[in-house]
Structure formats: structure tokens, C-alpha cells
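Participant: Predicted model, plus sequence, below.
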Amino acid sequence: MKKHILVVPGDGIGQEVTAVGKKVLERIASKFGHEFTYDEALIGHAAIEATGNPLPEETLAKMKASDAVLFGAVGHPKYDNDPSAKVRPEQGLLKMRKELGLYANLRPIKLFDELLGASSIKPEILKGSDILFFRELTGDIYFGEKGRKNDGDTAYDLAEYSRFEVERIARKAFEAARTRRKKLCSVDKANVLETSRLWREVVQKIAPEYPDVEVEHQFVDAAAMMLIKDPRRFDVVVTANLFGDILTDEASQIAGSMGMLASASVGDSTGVYEPIHGSAHDITGKGVANPLASVLSAALLLDISFGLKEEADTIIAAVDQLLKDGFRTRDIADATTPADKILNTETAGQELLKRLG
Ligand SMILES: NC(=O)C1=CN([C@@H]2O[C@H](COP(=O)(O)OP(=O)(O)OC[C@H]3O[C@@H](n4cnc5c(N)ncnc54)[C@H](O)[C@@H]3O)[C@@H](O)[C@H]2O)C=CC1
Ligand SMILES: CC(C)CC(=O)C(=O)O
Ligand SMILES: [Mg+2]
């Protein structure tokens, strides 16, 4: 198969982990006889430094012209502590999602059995957890009007959802539930928010079209609690942009670490495949970031954008084997991990390539 992949590492550990994700794609291409070509483009702080723009037109054009994008992360400490900065790395990420119409962010919470002990949640509560989040990605409070009034003393961010926006993500989640355990949990705050009341109304309205799927509605505060108390009760979860952002960072602890969670952002055009984590300033440049979220994002890319299921499964099996062989990056290691089994970003990539064959 011939495909063109755009690699957009972004900032911080995005650079470090995406290099490993790309190597895995290259190895898969040679192993299975595919012809993947690659290009790179700037986003975030790296793009601001080079062009003044967090999402240069050239990057966007390259994204639209590619068959899939392997994305890293954006962000830089200098903006995090400067609320007055008008141009920010995260604007590039949000604009990319909007411009490419990436309204559905699939975040599988996949727990590898070997990592049962890596979580702070008890293994007997965790075992068998397997959740697929559908986070709406182009609406909500992230994209509404924002500003200041009263001489800057009052700030506002408008949360908005249209019926159309809710319905299209809900339908994707219903369809996915049909292929899994046929349970859908819609998470909102309909006891308080009007956007959530529309959300619940739309989900209730289309539910009868999926009679084989059991639907449950939960308020986001209770859902946050239930995720930790009893993660196995969840199959597919569909929720708004802000709630999905927060709940999936929480849910990463089911899988053991933020460094294990991949995602697929899909919608109207080129799919973007990205770890759920950010640029992680605290470990940037140390070479210790777990690259498996990027590697598993590459697997999602092959599966969803290219329909290469066997190739994707080969990557997942290699990750599984790496963990079975006792190797751990620091974020998923514990006191029982022998020193010679602790990997850094680069050695994790090398060990993984050995297991890809
Ligand atoms: N999609 C994106 O590009 C995102 C960007 N950000 C940006 O990233 C910057 C840092 O944000 P934080 O809140 O610290 O979130 P973060 O996700 O970057 O890091 C949170 C914690 O998880 C750890 N972590 C994350 N990924 C890891 C990995 N692969 N291996 C090992 N440990 C890992 C970090 O070291 C940190 O302690 C900010 O500028 C933020 O705006 C945050 C989230 C997503
Ligand atoms: C800039 C943020 C919206 C990025 C983030 O936290 C995410 O996409 O999960
Ligand atoms: Mg997030």
C-alpha cells in the first residue's frame, strides 16, 4: 500500500516520543511491504518560534494533503505561567482540530495485563477494564467566544453545542458500542448546564435507533468517581470536549500512565493520531518519556486511516511482549522492576523494534 504520512512532533516530549512512533511505522512498512512516504511540519511553540504562528498555513496544507498525521504534543512552560500571552502553542492544536473537522477523539483505555500493578488502583478492581472514550473535539467551551469585560476584571468562555454536533459524535459512539459490549454511557452535567440538557435530549432521541445498545446517562462528577470505583462497568463513553479531556487523563491511571494512552482524532478529513498527554515540561530533554502512547497511536493510524488491522495488531502484540519481558519505562516501573529492565525513550524504541521482527 502507498501512503503519505505527515509527522508533526510539536513541542517538548512530543519530539522525543514521535521519533519512536515514526520508526515503528517505518519498520511495519518494510515488514509488510508497504510504501510509506513521510514529511514533517511545525506546530505549537516550535512553529511560533519559526514563523510567529502556532499553526502555519504550510503545516495545515501539508496535513490536508497527507493520508494521515502522526502528532506529538504542543506546549511550553513560558506560556503556561504567562496568562497575558496572546499567541499560544495550544491555539495551533485547537485550530488544527477545527480546520480538519476532527470532531471525534477516540481514546481507548487499554489496560495491558502486565501493568495491573502499575496503577494506584487495586488490581482486583482494574482487571479486565476496557473502555473506549468518544470525546467531542471541535465544540464546547474550548471553541466558544472568550474574553474579558469590566476592565479585565471579569472573564468569560462560552460553551456551545448544536444538535448536529451532538448527534454526529453520539452516532459514532453508538456504532462503536455495537461492535463491543453494547453498552454506552453518555456523560454530561444536565442537572446544571443547558448544553448538557441538549446533549442528553439528543442522545435520548437517537437511542431507539440502536435498540441493541444499553444506554446509561451519568453526571460528570459521578462518572469521575465511578471510573475509579468500578472501571469495568464502562464500555463506550461519549462526552463533551471539556469533560472528555479531564476524564481521560483520570482514566489513564486505569492503564497505568499517561504515557500509555493513544488517541485517534477523526472526522471530515485527514485523521490525526496523537498521545493523550502533553509536552510534559517536567521530563522534557531527559530522554525518559514513555513512547508507547505514540507507538499505539501509530497502530490506531494504521488501523483506522489505512484499514491495516494486521499491522496494527502486530504493533500491539510487540508492546505486549515488551511488557511481558519485564521492560518498563520509569512511569510504569515500580520497586520490583530490576534496574536492567528500566528503559528510556530510545531504548524502549530499540527493544520494541526487536519485537516487531
Ligand atoms: N495534546 C497536547 O498537545 C496537550 C498539550 N498540553 C500542554 O502540555 C504542557 C504540559 O502540561 P501538563 O499539564 O504537565 O500535562 P502533560 O500531559 O504534559 O503531563 C502530565 C504528567 O504526566 C507525565 N507524562 C506525560 N506524558 C508522559 C510520557 N509519555 N511518559 C512519562 N510521563 C508522562 C508528565 O511528566 C507530567 O508529570 C502544557 O503546556 C499543556 O498546555 C497538555 C495536554 C495535551
Ligand atoms: C490544549 C488542550 C485542549 C490539549 C489537551 O489537553 C488534550 O487534547 O487532551
Ligand atoms: Mg488533555
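Facilitator: That came through, no problem. Ligands and ions are numbered 1, 2, ... in the order given.
Participant: pull the longest strand from this protein.
Facilitator: strand 2-10 (DSSP state E).
Participant: Just to be sure, Y156 is in a strand?
Facilitator: Yes: counting by DSSP: H, G, I helix; E, B strand; the rest coil, one finds Y156 located in a strand.
Participant: contacts for stretch 209-225?
Facilitator: The set of residues external to stretch 209-225 that reach it, using CB atoms under 8 Å, 6 or more residues apart in numbering, is 174, 177-178, 182-191, 200, 203-204, 207, 226, 237, 239, 243, 246-247, 250. For the C-beta atoms, the positions are set from N, CA and C on the backbone; glycine is no exception.
Participant: Are any of these buried, and if so which?
Facilitator: 174, 177, 184-190, 200, 203, 207, 237, 239, 243, 247 (16 or more other CB atoms under 10 Å).
Participant: Can you tell me which of those residues is nearest V272?
Facilitator: Nearest to V272 among the buried ones among the contacts of stretch 209-225 is T239, at 19.4 Å by CB to CB.
Participant: re the thing from before, just confirm yes or no for the longest strand of the chain near ligand 2.
Facilitator: No: under the criterion of CB under 6 Å from any ligand atom, ligand 2 is not reached by strand 2-10; the shortest gap measures 10.9 Å.
Participant: Can you list the helices and strands that that strand packs against?
Facilitator: Counting contacts by 3 or more CB pairs under 8 Å, 6 or more residues apart in numbering; DSSP states H and E, strand 2-10 is packed against helix 13-32, strand 35-40, helix 44-51, helix 57-65, strand 68-73.
Participant: The longest one near ligand 2 anywhere?
Facilitator: When you say that, I think you mean helix 13-32. No: using CB under 6 Å from any ligand atom, helix 13-32 stays clear of ligand 2, with a minimum separation of 11.5 Å.
Participant: Between strand 68-73 and that helix, find me the angle.
Facilitator: Here the directions of helix 13-32 and strand 68-73 differ by 150 degrees (axes from the mean of the first three to the mean of the last three CA atoms, to 10 degrees).
Participant: Counting by contacts, list what helix 13-32 packs against.
Facilitator: Partner elements for helix 13-32 (3+ CB pairs under 8 Å, 6+ apart): strand 2-10, strand 35-40, strand 68-73, helix 292-300, helix 309-324, helix 345-356.
Participant: Buried residues, that helix. List them.
Facilitator: For helix 13-32, by 16+ other CB under 10 Å, it's 13-29.
Participant: Just give me how far that helix sits from the chain centre.
Facilitator: Chain-centre distance of helix 13-32: 17 Å, with CA atoms, centre = their mean, to the nearest Å.
Participant: got the angle for it vs helix 309-324?
Facilitator: Using the same axes, to 10 degrees: helix 13-32 against helix 309-324 is 120 degrees.
Participant: and what of the fourth one?
Facilitator: In terms of direction (the same axes, to 10 degrees), helix 57-65 departs from helix 309-324 by 110 degrees.
Participant: Now tell me what touches helix 57-65 from outside.
Facilitator: With CB under 8 Å, 6+ apart as the test, helix 57-65 has contacts from 4, 6, 8, 39, 41-43, 47, 69, 95-96, 99-100, 269-270, 272.
Participant: Correct me if wrong: E35 contacts K2.
Facilitator: Yes: judged on CB atoms under 8 Å, E35 makes contact with K2 at a distance of 4.6 Å.
Participant: among the contacts of stretch 209-225, which are in helices?
Facilitator: F174, A177, R178, R200, V203, Q204, M226, F243, I246, L247, E250 (DSSP state H).
Participant: In contact with the residue nearest to S66 when sequence neighbours are not counted, which residues?
Facilitator: Nearest residue to S66 in three dimensions, chain neighbours excluded: L6, at 3.9 Å (CB to CB, 6 or more residues apart in numbering). Counting by CB under 8 Å, 6+ apart, L6 touches Y38, D39, E40, A41, K62, M63, S66, A68, V69, L70, T270.
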